[in-house]
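Trainee: Sharing a sequence plus its predicted fold:
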Amino acid sequence: MTTLTVDLGERSYPIYIDTALLGQNDLLKQHISGNSALIVSNETVAPLYLEKVQSMLGGLKHEAVILPDGEKYKNLEVLNQIYDGLLRNRFDRNTTIIALGGGVVGDMAGFAAASYQRGVHLLQIPTTLLSQVDSSVGGKTGVNHALGKNMIGAFYQPKAVIADTDTLDTLPDRELSAGMAEIIKYGLICNADFFSWLEQNMPALLARDKKALTYAIEVSCRTKAEVVAADERESGKRALLNLGHTFGHAIENGLGYGQWLHGEAVGAGMCMAAIMSEHMGWMDKQDKEKTIRLIEQAKLPSKAPDSMTSEQFLKLMSVDKKVLDGVLRLVLMKGIGKSVVTDEYKADDLRTAIKLSS
Ligand code: NAD
Ligand code: GLY
């Protein structure tokens, strides 16, 4: 088993990565300090893995809340189902919420843990590739608002992340590709060697080669853990992890939450960032083409959706958490592995990039 650490002083926590982790009872129980747990899952994941997690809890008092499945349910109204479950069962401040599912369940259960009685314990059991390489690590939790993606939330770290790679066996191909977007992101922001490894190994990853997948998950989690340890609340470096996301969030909202998967929107968004970076003379043509080629190799979209206009993009992008004092900062690239957070672009550069991307 690989164990990585997110180093945050007394709030540090382990990320366990291996096959057959769901079944190792001690792994879960050693991170539960109270005498009750609420498992939050959804209607797709629960029939596959809920029983396994329940049996890991042994005699501990536990209940489950099963949410409807989908990004369109990641909102305050559905979040209430978790609070209902906690209150109905009189769960107290020493309760542990266990998020069992992909990023949607993880973000919602995480926000419930951050806010219920001003904070209860949280464990993440991510079951999608995207959540194993990104969303379960680092403590960003929250829900969408009709006017903006992930606009309501909190930073709240889990006590542990348990990534059982066997859960990926049941993941649909489209979801596997969505996870590749966040993996490619780590190469593009700071690791050119990993980007080259991905170019060589994308066929093995898409064929679900466990060794290749485990390596990609480890490198991704190690990179994310380092960034989060250096800048937990995104006052600087952590913003790099949003490469492709400002464009991507506009796509998710513009098309309606759930039409394009988050990873698909981020894939197209990273191509848009590469196109803008090349247009500004920051990234050379070869690196831009390599970026687009790898994203296409991962079976992700590389262009903005036909139905979205530049005006729609600009309006939606102005509602972004990287807007500071009214100025939108973007993550752009000075080459593969060399991303920067910047507001040094002209409004025309952004308009042109959006046009060139469709
Ligand atoms: P998701 O949670 O919607 O899961 C994708 C689909 O796969 C769902 O239908 C789910 O039910 C199903 N599923 C999950 N595990 C499965 C399994 N093992 N077998 C079969 N089906 C399974 O989507 P996601 O891609 O995991 O996460 C996307 C969300 O994560 C977005 O809301 C995004 O904003 C968020 N996110 C958060 C962070 C963060 O730092 N908190 C980072 C990246 C993304
Ligand atoms: N996914 C971006 C972050 O965690 O900061």
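Mentor: On my side now, so go ahead. Numbers count the residues shown, from 1 in each chain. Ligands and ions are numbered 1, 2, ... in the order given.
Trainee: all helices of this protein, in order?
Mentor: Residue ranges of the helices in the chain, as given by DSSP state H, are 25-29, 46-56, 76-88, 103-115, 129-130, 173-190, 192-206, 210-230, 245-255, 262-279, 285-297, 310-317, 347-356.
Trainee: Does anything pack onto the last one? Which helices or strands?
Mentor: Which is helix 347-356. Taking 3 or more C-beta pairs under 8 Å, 6 or more residues apart in numbering; DSSP states H and E as the contact definition, the neighbouring helices and strands of helix 347-356 are helix 262-279, helix 310-317. C-betas here are computed from N, CA, C, even on glycine.
Trainee: Any part of the first one near ligand 2?
Mentor: No: remark: helix 262-279 sits outside contact range of ligand 2, by C-beta under 6 Å from any ligand atom, the gap being at least 9.1 Å.
Trainee: Tally up the residues packed near residue 236, please.
Mentor: Burial of residue 236 is recorded as 11 neighbouring residues (other C-beta atoms under 10 Å).
Trainee: quick one: it from residue 270, how far?
Mentor: Using C-beta to C-beta, to the nearest Å, one obtains 21 Å as the distance from residue 236 to residue 270.
Trainee: Quick one: name the residues of this structure near ligand 2.
Mentor: 134, 138, 140, 238, 241-242.
Trainee: Among the residues you listed, which are located in strands?
Mentor: Residues from those lying in strands, with DSSP state E as the criterion: residue 140.
Trainee: can you tell me the residue of the stretch 251-358 of the chain closest to ligand 2?
Mentor: Each residue of the stretch 251-358 of the chain has a distance to ligand 2, by C-beta to the nearest ligand atom, and the smallest belongs to residue 266, at 9.1 Å.
Trainee: got it, and the chain?
Mentor: Ranked by C-beta to the nearest ligand atom, the top residue of the chain for proximity to ligand 2 is residue 241, at 3.8 Å.
Trainee: what's across from residue 36 in the sheet?
Mentor: According to DSSP bridges, the residues that bridge with residue 36 are residue 61.
Trainee: Just give the nearest non-adjacent residue to the most centrally placed residue in the chain, would you?
Mentor: In the chain, the C-alpha nearest the mean C-alpha coordinate belongs to residue 135, at 3.1 Å (C-alpha atoms, centre = their mean). Of all residues not flanking residue 135 in the chain, residue 103 sits nearest, at 3.6 Å (C-beta to C-beta, 6 or more residues apart in numbering).
Trainee: Next up, the contacts around the one you found.
Mentor: Counting by C-beta atoms under 8 Å, 6 or more residues apart in numbering, residue 103 touches 126, 128, 130-131, 134-136, 262.
Trainee: which of these tops the neighbour count?
Mentor: Tallying neighbours with other C-beta under 10 Å puts residue 136 at the head of the contacts of residue 103, with 31 neighbours.
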